[in-house]
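In: Just the structure for this:
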Amino acid sequence: MQINAIIVDDEPLAQNVILQYAKEIHNLNIVCVCNDALEALEAISENPVNLMFLDINMPKLSGIDFLRNIKNPPLVIFTTAYTDYALESYELNALDYLKKPFSFERFLKAVQKAGEQIKLIYPSLPAEEMKSKYLFIKSNKKVHKVSIDEIFYIEGLGDYIKIHLKDSHLVTNSSMKKMEDMLPEKDFFRIHKSFIIRFDKITTIEGNMVEINKKKLPIGNNYRQDFFDLVNRNTIS
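Out: Prediction:
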């Protein structure tokens with residue numbers, strides 16, 4: 001089950017710890033990083049989120065007060081440097097309470113608990129419907145909000161991937177497998193071990209090459225049959 005989560009924390013170091021841990025968990029997709037509760041309200045309204053990593057001591061509005069006042073909140077895992085709020089967090093039906101600094105093993109346990117709860121809450125919801133319309137890509141020391149519709153293709157570069165947009169690109173530390181899991185299957189197709197393309201961005205197909213945004217990309221032997229089966233189902237000759 002896909003877990004779409006947001007981070008709500010005003011500390012960049014704490015944000016980065018969760019982002020790095022999340023990269024190791026195959027079905028955990030961080031769709032947004034928020035610096036305060038007001039940003040989180042907007043993010044939740046724009047994205048189908050089923051989990052929130054929530055700090056308690058934040059400017060403007062504390063995590064406790066935020067959770068008290070939000071309608072239909074996602075599952076919540078509190079992340080805080082303080083133990084004083086543990087009882088109060090459980091009274092608010094928080095799923096878990098991680099005291100900073102927490103280990104990857106402790107983080108993984110909390111995420112697995114969230115996954116089990118999500119399966120119970122959304123037993124029949126198709127995975128595609130749980131995928132966000134946006135990705136939040138960490139690149140050049142910034143987190144960029146990118147609409148899925150803006151992506152032309154993804155290129156694998158070893159431990160990094162390059163996300164190609166119409167007139168620009170973003171490079172981030174992730175894997176092709178992680179990207180495949182995050183992107184809607186009906187729109188994206190892997191044509192090569194190093195390339196995932198958006199099907200409706202194809203300009204032309206010639207031989208074993210696909211042209212997208214004036215770039216020619218190879219179709220790998222292992223992906224050729226499935227790709228051309230899809231093309232043929234949408235071809236008028």
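In: Run through the bridge partners of the residue nearest in space to the middle of the chain.
Out: The centroid of the chain falls nearest to residue 29 when counting by C-alpha atoms, centre = their mean (3.0 Å). The partner list for residue 29 in beta bridges (DSSP bridges) reads residue 4.
In: what's the closest residue to residue 76 other than its chain neighbours in contact with, if anything?
Out: Once flanking residues are discounted, residue 76 sits nearest to residue 94: 4.7 Å by C-beta to C-beta, 6 or more residues apart in numbering. Every C-beta, even on glycine, is put in place using the N, C-alpha and C of the backbone. Residue 94 makes contacts with 54, 67, 76-78, as judged by C-beta atoms under 8 Å, 6 or more residues apart in numbering.
In: do residue 147 as well
Out: 133-134.
In: So for it, what's the pLDDT?
Out: On pLDDT, residue 147 comes in at 88.
In: Same check on the one 3 residues further on?
Out: The predicted structure scores residue 150 at 93 on the pLDDT scale.
In: Hmm, residue 165 and it touching each other?
Out: Yes - the criterion here is C-beta atoms under 8 Å, and residue 150 meets it with residue 165 at 5.2 Å.
In: ok, and the helix or strand in this structure with the lowest average confidence?
Out: Lowest by mean pLDDT, DSSP states H and E among the helices and strands of the chain is helix 86-91, with a mean of 63.
In: what's the next secondary structure element after it?
Out: strand 96-99 (DSSP states H and E).
In: Could you list the buried residues of stretch 51-68?
Out: 51-56, 58, 61-64, 66-67 (16 or more other C-beta atoms under 10 Å).
In: How far does the helix ranked longest in the chain sit from its chain's centre?
Out: Criterion DSSP state H: the longest helix present in the chain is helix 104-121. Computed by C-alpha atoms, centre = their mean, to the nearest Å, the chain-centroid distance of helix 104-121 equals 16 Å.
In: What helices and strands are in contact with it?
Out: strand 3-8, helix 12-23, strand 51-54, strand 75-80, strand 96-99 (3 or more C-beta pairs under 8 Å, 6 or more residues apart in numbering; DSSP states H and E).
In: Show me the protein divided up by domain.
Out: 3-129, 143-233 (automatic domain parsing).
In: sorry, back to before: now tell me which of the contacts of residue 94 the prediction trusts least.
Out: The minimum pLDDT among these falls on residue 67, with 87.
In: so residue 176 touches residue 190, yeah?
Out: Yes - the pair residue 176 / residue 190 is scored as a contact, 7.4 Å apart, by C-beta under 8 Å.
In: For residue 135, find the nearest of the domains of the chain.
Out: Closest of the domains of the chain to residue 135 is domain 143-233, at 5.0 Å (criterion: C-beta to C-beta).
In: Doesn't residue 44 lie inside a helix?
Out: Yes - Residue 44: assigned to a helix according to DSSP: H, G, I helix; E, B strand; the rest coil.
In: Relative to residue 3, how far out is the residue nearest to residue 98 when sequence neighbours are not counted?
Out: In space, and not counting its chain neighbours, residue 98 is closest to residue 79: 4.8 Å by C-beta to C-beta, 6+ apart. Distance of residue 79 to residue 3, computed by C-beta to C-beta, to the nearest Å: 15 Å.
In: No further queries at this time; thank you.
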